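Visitor: Just to be clear, the model below is a prediction. Sequence and coordinates:
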Number of protein chains: 2
Amino acid sequence: MAMDASAIAKPHDRLATYLADDLEAVNGLIRTKMASKHAPRIPEVTQHLVEAGGKRLRPMLTLAAARMCGYDGPFHVHLAATVEFIHTATLLHDDVVDESAQRRGRPTANLLWDNKSSVLVGDYLFSRSFQLMTETGNMEVLRILSDASATIAEGEVLQLTAAQDLATDEGIYLQVIRGKTAALFSAATEVGGVIAGAEEAQVRALFDYGDALGIAFQIVDDLLDYQGQSAATGKNVGDDFRERKLTLPVIRAVALADAEERAFWSRTIERGKQDDGDLDHALRLLAKHDALTYTKDSAIGWASKAKAALDPLPGHALKDMLLDLADYVVERIN
Amino acid sequence: MAMDASAIAKPHDRLATYLADDLEAVNGLIRTKMASKHAPRIPEVTQHLVEAGGKRLRPMLTLAAARMCGYDGPFHVHLAATVEFIHTATLLHDDVVDESAQRRGRPTANLLWDNKSSVLVGDYLFSRSFQLMTETGNMEVLRILSDASATIAEGEVLQLTAAQDLATDEGIYLQVIRGKTAALFSAATEVGGVIAGAEEAQVRALFDYGDALGIAFQIVDDLLDYQGQSAATGKNVGDDFRERKLTLPVIRAVALADAEERAFWSRTIERGKQDDGDLDHALRLLAKHDALTYTKDSAIGWASKAKAALDPLPGHALKDMLLDLADYVVERIN
């Protein structure tokens, strides 16, 4: 019975079931560390982010990596909570960055208040994450996670400058999504191995898996923004186009554009002059150059790299789930 | 000759002279760590903050504490740079928080762009600070500095909720300024002692000195906002009043207010309805209740506590400068 159920359940849910006790400990730690004696606004702001509906994908990667490598100490829980706090802090700061642009010209008092809270509560969670990782007493995980934090911030700044610039190519795009997404995935899996005392080749394998999985995950996200068959994404088709974000589908179409098409992209993305019908025209250009297929193939390629990366690790129920997870990430497209 | 010069120079300048080599190393490290291969915007944004005119007060506290305790390793430089990065990151995020309110209703594209950069570059510096402290390999300083970061963020959030609320009393005010200012001063001096391997009583003394100095420093800042004899503060008289920030002068005047005065403060601070002449009336109420004298006495009291805290430390040229620095902080008032 268990086998049948696990064969059909999504890999994410199978991980959650397998790691249920660990996840409960992570949730308990998150609730404790989110509380603030002095500033009750903090849990107010974070509650909807940390408590409700979070898939806990990143912390599960840490827990799975540590357990696969035979860890039976307490600190994988701290590291999983650390990773979730860094993720949540990043989301809060992204809100400020994105909302400012989206609601341009409509700075309600409420928006301003939210911005303040988002910045400062994000800082609080970020600090909490460093307190949590310090509790492990493990210098190597401190190094990995502080490096990842710097890479994330650097990637976000790079995205600011790379956005709206048609010269952004696939190399820069990869750098941006490594920063904004893959760096935390790879740090999440790597520290799981490190805290378990895994040998170097296995730690490297876990890092490579997280890196490739994170890249595949973000490419799929960027694809769904244009493909958008699913209400589940919570995004409208073309949000990235309207926000003039250069992602892989458009980067590909720009690379293959003739002069007239290039002028279109320059007007809509670089200069931000968009009219009714421009999104439809953009979608036609993406179709003309098979840019969505190209993007999908790229995601599938990274998912394959993720799976191959796990070769050095011995057989384990969790390894199977991580392999399936890599497939599942790109299955979201269909 | 040296003695005569040192007798008249400001304690801050004497510290800078004494610690010149260390400060140069700190500046070099800051320049190196501020650079970003991938995101040239980062040094652009930070340059005016980190390079130009910074008094380096906080890093000097770390350097002085370490040297006083006989440290001759390399890591006080890392810690001093860490402290400066945390300070700069906080300034960048304060800009977002303050500018949003000040320029309400005028969200220029430039302002929005600056907000994005401020948030993300602040995050980058914050991450860099954690990388730097990790390089010391000293778990105790990691604990102290990550705790300080959490206290700073918590204090900033508390300030958001305490501002514009006439129920804010001196206890809450102290908590806010401990968070926003004193926490980094006390961490700066404490880690200097810890990295030097100073005994517990001396580390405690250094913490207490930094704590009291930071509190005095912030009270003076809040006093100068109303007293404002000096163009050197770079602030206009009454900025805090206009921004409806409850600081010690007003907290004192509110505590002694009759019903009519209370209604005035409620209208201007809580409800934010300010007319021409309200600042003048506020200044008259502060004078009526000797609120500025009370605030000044409070600052002098904390400066005395700072000096007394250093008792457990043996005689040292740097100790004399730190004692004078405590006096100097409140001399800014006159």
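Guide: Alright, I've got the coordinates.

Visitor: Low-confidence bits of the stretch 1-150 of chain A, can you list those?
Guide: The model of the stretch 1-150 of chain A has pLDDT under 70 over residues A:1-8, A:37-39, A:41, A:45-54, A:97-114.

Visitor: now do 80
Guide: A:1-8, A:35-54, A:95-116 (pLDDT under 80).

Visitor: now the helices: where do they sit in it?
Guide: A:2-8, A:11-18, A:20-34, A:41-50, A:57-68, A:75-102, A:109-135, A:139-162 (DSSP state H, counting those that start in this stretch).

Visitor: Could you look over the ones you listed and pick the most buried one?
Guide: helix A:57-68 (a mean of 27; mean count of other Cβ atoms under 10 Å in any protein chain shown). The way it works is simple: take the backbone N, C-alpha and C, and place the C-beta from them, glycine included.

Visitor: can you give me the offset of that helix from its chain's centre?
Guide: The chain centre lies 15 Å from the centre of helix A:57-68; the measure is Cα atoms, centre = their mean, to the nearest Å.

Visitor: coming back round to it: I'd like the helices of the stretch 1-150 of chain A as TSV, with distance to residue B:287 appended.
Guide: Converted to TSV, those look like this (distance: least, Cβ to Cβ, whole Å):
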stretch	distance to residue B:287
helix A:2-8	76
helix A:11-18	64
helix A:20-34	44
helix A:41-50	35
helix A:57-68	57
helix A:75-102	40
helix A:109-135	32
helix A:139-162	47
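
Visitor: Take those helices and lay them out in CSV including distance to chain B.
Guide: Converted to CSV, the helices of the stretch 1-150 of chain A look like this (distance: least, Cβ to the nearest Cβ, whole Å):
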stretch, distance to chain B
helix A:2-8, 39
helix A:11-18, 28
helix A:20-34, 9
helix A:41-50, 5
helix A:57-68, 17
helix A:75-102, 5
helix A:109-135, 4
helix A:139-162, 4
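
Visitor: Nearest to residue A:305, out of these?
Guide: Across these, residue A:305 has its closest neighbour in helix A:57-68 (15.9 Å, Cβ to Cβ).

Visitor: That closest one vs helix A:20-34, what angle?
Guide: Here the directions of helix A:57-68 and helix A:20-34 differ by 130 degrees (axes from the mean of the first three to the mean of the last three Cα atoms, to 10 degrees).

Visitor: which strands and helices sit next to helix A:57-68?
Guide: helix A:11-18, helix A:20-34, helix A:75-102, helix A:183-195, helix A:200-227, helix A:317-331 (3 or more Cβ pairs under 8 Å, 6 or more residues apart in numbering or on different chains; DSSP states H and E).

Visitor: centroid residue for chain A?
Guide: Nearest residue to the geometric centre of chain A (Cα atoms, centre = their mean): residue A:181, 3.8 Å.

Visitor: Surely that residue is in contact with residue A:217?
Guide: Yes - assessed by Cβ atoms under 8 Å, residue A:181 is found in contact with residue A:217 at 6.2 Å.

Visitor: circling back to that earlier point, quick one: closest of the helices of the stretch 1-150 of chain A to residue B:60.
Guide: helix A:109-135 (23.6 Å).

Visitor: The closest one packs against which elements?
Guide: helix A:20-34, helix A:41-50, helix A:75-102, helix A:139-162, helix B:75-102, helix B:109-135, helix B:139-162.

Visitor: Can I get the ones you listed in TSV including distance to residue A:194?
Guide: As requested, these are exported to TSV (distance: least, Cβ to Cβ, whole Å):
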stretch	distance to residue A:194
helix A:20-34	17
helix A:41-50	25
helix A:75-102	9
helix A:139-162	5
helix B:75-102	22
helix B:109-135	14
helix B:139-162	16
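
Visitor: Now for the nearest residue to residue A:185 once chain neighbours are set aside, how many residues are close by?
Guide: Nearest residue to residue A:185, sequence neighbours excluded (Cβ to Cβ, 6 or more residues apart in numbering or on different chains): residue A:214, at 3.2 Å. Here the number of neighbours of residue A:214 (other Cβ atoms under 10 Å in any protein chain shown) works out to 27.

Visitor: Test my guess that residue A:214 contacts residue A:182.
Guide: Yes - judged on Cβ under 8 Å, residue A:214 makes contact with residue A:182 at a distance of 3.0 Å.

Visitor: now the closest residue to chain B within the stretch 201-334 of chain A, what's its secondary structure?
Guide: Nearest residue of the stretch 201-334 of chain A to chain B (Cβ to the nearest Cβ) works out as residue A:272 at 10.1 Å. Three-state call for residue A:272 (DSSP: H, G, I helix; E, B strand; the rest coil): coil.

Visitor: which ones are touching it?
Guide: By Cβ atoms under 8 Å, 6 or more residues apart in numbering or on different chains, residue A:272 lies in contact with A:164, A:244.

Visitor: what are the phi and psi values for it?
Guide: Phi and psi for residue A:272, reported as degrees, to the nearest 10, are phi 70, psi 20.

Visitor: hmm, back to that, and the residue nearest to the centre of chain A, what does it touch?
Guide: Here residue A:181 is in contact with A:214-215, A:217-218, A:221 (criterion: Cβ under 8 Å, 6+ apart).

Visitor: With respect to pLDDT, which of these ranks lowest?
Guide: Within the set of these, pLDDT is lowest for residue A:221 (93).

Visitor: Report the separation between that residue and residue A:252.
Guide: 16 Å (Cβ to Cβ, to the nearest Å).

Visitor: Looking at the two, which has the bigger crowd around it?
Guide: residue A:252 (21 against 18).

Visitor: Correct me if wrong: the more buried one contacts residue A:295.
Guide: Yes - at 6.6 Å, residue A:252 counts as touching residue A:295 under the criterion of Cβ under 8 Å.

Visitor: Just give me the neighbour total for the nearest residue to residue A:209 once chain neighbours are set aside.
Guide: Spatial nearest neighbour of residue A:209, chain neighbours left out: residue A:309 (4.3 Å); criterion: Cβ to Cβ, 6+ apart. If you count neighbours by other Cβ under 10 Å, residue A:309 ends up with 22.

Visitor: Over to residue A:283?
Guide: 18.

Visitor: before we move on, what about residue A:290?
Guide: Neighbours around residue A:290, by other Cβ under 10 Å: 14.

Visitor: and if you look at the one 5 residues further on?
Guide: One way to gauge burial is a neighbour count; for residue A:295, by other Cβ under 10 Å, it gives 26.

Visitor: Mean confidence (pLDDT) on the strand or helix carrying it, please.
Guide: Assigning secondary structure by DSSP states H and E places residue A:295 in helix A:291-309. The predicted model assigns helix A:291-309 a mean pLDDT of 97.

Visitor: cool, and stretch A:278-287?
Guide: 96.

Visitor: May I see the buried residues of that stretch?
Guide: Of the residues in stretch A:278-287, A:278-279, A:282-283, A:285-286 count as buried by neighbour count, 16 or more other Cβ atoms under 10 Å in any protein chain shown.
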